[in-house]
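Visitor: sequence and predicted structure below; questions after.
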Amino acid sequence: MTTDTQARPAFLDEETTDRKLCIICSKGTLDMAYPGLVLANAALGEGIETNIFFTFWGLDMVAKKRMGHLKATPVGNTAMHMPQAIGPLPGMTTMATRMMKKEIAKLGFPEIPEFLQTLVDSGAHLWACKMSADMMKLEMDELFDGVEGIIGATEFMEMSEGAQIIFV
Amino acid sequence: MTTTTIAGREVRIDDEGFMTDPNEWSEDLAPVLAKAVGIDELTPDHWVVIRFLRDDFAAMGETPTLRRISTVAGVATKRLFELFPKKPGKKMAYVAGLPKPQGCI
């Protein structure tokens, strides 16, 4: 056992870091929407500058009309542990989605729109992919208010200079 | 395990500086701990958060996460980042003499 005088606590040592994180969200299913947002939330709580880039199907996560209705499906997902032939039956996606939402709520996790608002309130920067927005014919006013802009791949490269990148 | 002296009192801390025994904490330590993480003055809003953390820890056995504080204590996320900048979860736990929060959200 040692004794020392009270000093700056060790967890503050990295506070002045310029650590930067870019998370690319490319999936539009309910189950794949969460990993990127959970990591973003943790990063923001650590004082890390966080940008989230929504591309391809991931754009559904910030499309006003769709973000509240993402679905989970057992089709092609062996981790749902049911015979693969049952997955495509009518009603299975609705059921899987309802079950997953229930489990997520039980853990105290917010639904996607509320989660995104929390991230924005915590200082996250959200960006939509230009190619995906063009393909899906989505304009800025059809995207979640927290999205700061629709940017292309080159702008993403500029923005992510020196950042760690996570692709989901 | 290390011991350190805070406001003239000897307390035990872990490697990161968090107090390891919530019973060694009392409200008079909070302003001293706050200064160590760069918060010069504890406002009534800080105290709302600190007292919620203490009560919730006593009831639930774990340090509440930012989401729990915003949904249960009603302090907005934005405000939490203003009160305890940069690393709010860790800073508020530190000031309240509790372990750092473990929850993912």
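Guide: It's in. Numbers count the residues shown, from 1 in each chain, chains lettered A, B, ... in the order given.

Visitor: contact partners of stretch A:21-28?
Guide: With C-beta atoms under 8 Å, 6 or more residues apart in numbering or on different chains as the test, stretch A:21-28 has contacts from A:33, A:36-37, A:39-40, A:43, A:48-61, A:66, A:70, A:156, A:159-160, A:163-168. In short, each C-beta sits where N, CA and C put it, glycine included.

Visitor: check the offset of that stretch from the chain's centre.
Guide: Averaging C-alpha positions (C-alpha atoms, centre = their mean, to the nearest Å) puts stretch A:21-28 6 Å from its chain's average.

Visitor: where along chain B do the strands fall?
Guide: For chain B, strands defined by DSSP state E occupy the ranges B:2-6, B:9-13.

Visitor: and the ones you listed as TSV, adding mean neighbour count, distance to chain A and mean pLDDT?
Guide: Compiled in TSV, those are given as follows (neighbours: other C-beta atoms under 10 Å in any protein chain shown; distance: least, C-beta to the nearest C-beta, whole Å; pLDDT from 0 to 100):
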stretch	mean neighbour count	distance to chain A	mean pLDDT
strand B:2-6	16	5	87
strand B:9-13	16	8	90
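
Visitor: report the helix or strand with the lowest average pLDDT across chain B.
Guide: strand B:2-6 (a mean of 87; mean pLDDT, DSSP states H and E).

Visitor: again, but for chain A
Guide: In chain A, the helix or strand scored least confidently by mean pLDDT, DSSP H and E is strand A:2-5, which has a mean of 45.

Visitor: of all of chain A, which residue lies closest to chain B?
Guide: Using C-beta to the nearest C-beta, residue A:9 is the residue of chain A that sits closest to chain B, at 2.8 Å.

Visitor: doesn't residue B:94 make contact with that residue?
Guide: Yes: between residue A:9 and residue B:94 a contact is recorded at 6.0 Å, counting by C-beta atoms under 8 Å.

Visitor: which residues do those two both contact?
Guide: Counting by C-beta under 8 Å, 6+ apart, the contacts common to residue A:9 and residue B:94 are B:17, B:18, B:36, B:37.

Visitor: what about the closest residue to residue A:151 other than its chain neighbours, helix or strand, and which?
Guide: Distances taken as C-beta to C-beta, 6 or more residues apart in numbering or on different chains put residue A:127 closest to residue A:151, at 5.2 Å, once the chain neighbours are dropped. Residue A:127 belongs to strand A:125-129 when assigned by DSSP states H and E.

Visitor: is it true that the residue nearest to residue A:151 touches residue A:52?
Guide: Yes: counting by C-beta under 8 Å, residue A:52 is a contact partner of residue A:127 at 7.0 Å.

Visitor: between these two, which is the more surrounded one?
Guide: A direct count of neighbours by other C-beta atoms under 10 Å in any protein chain shown for residue A:127 and residue A:52 places residue A:52 higher, at 29 against 21.

Visitor: which residues are in contact with that one?
Guide: By C-beta under 8 Å, 6+ apart, the contact set of residue A:52 is A:22, A:23, A:24, A:25, A:36, A:37, A:40, A:119, A:124, A:125, A:126, A:127.

Visitor: can you confirm it is in a strand?
Guide: Yes: the assignment for residue A:52, made by DSSP: H, G, I helix; E, B strand; the rest coil, places it in a strand.

Visitor: for it, list each beta-bridge partner.
Guide: Counting by DSSP bridges, residue A:52 is bridged to residue A:23, residue A:126.

Visitor: hey, where'd the strands end up in chain A?
Guide: Under the criterion DSSP E, chain A contains strands at A:2-5, A:20-25, A:49-54, A:125-129, A:147-151, A:164-167.

Visitor: of all those strands, which one is nearest residue A:99?
Guide: Residue A:99 sits nearest to strand A:20-25 of all the strands of chain A, at 22.5 Å, using C-beta to C-beta.

Visitor: angle of the closest one against strand A:125-129?
Guide: With axes from the mean of the first three to the mean of the last three C-alpha atoms, to 10 degrees defining the directions, strand A:20-25 sits at 40 degrees from strand A:125-129.
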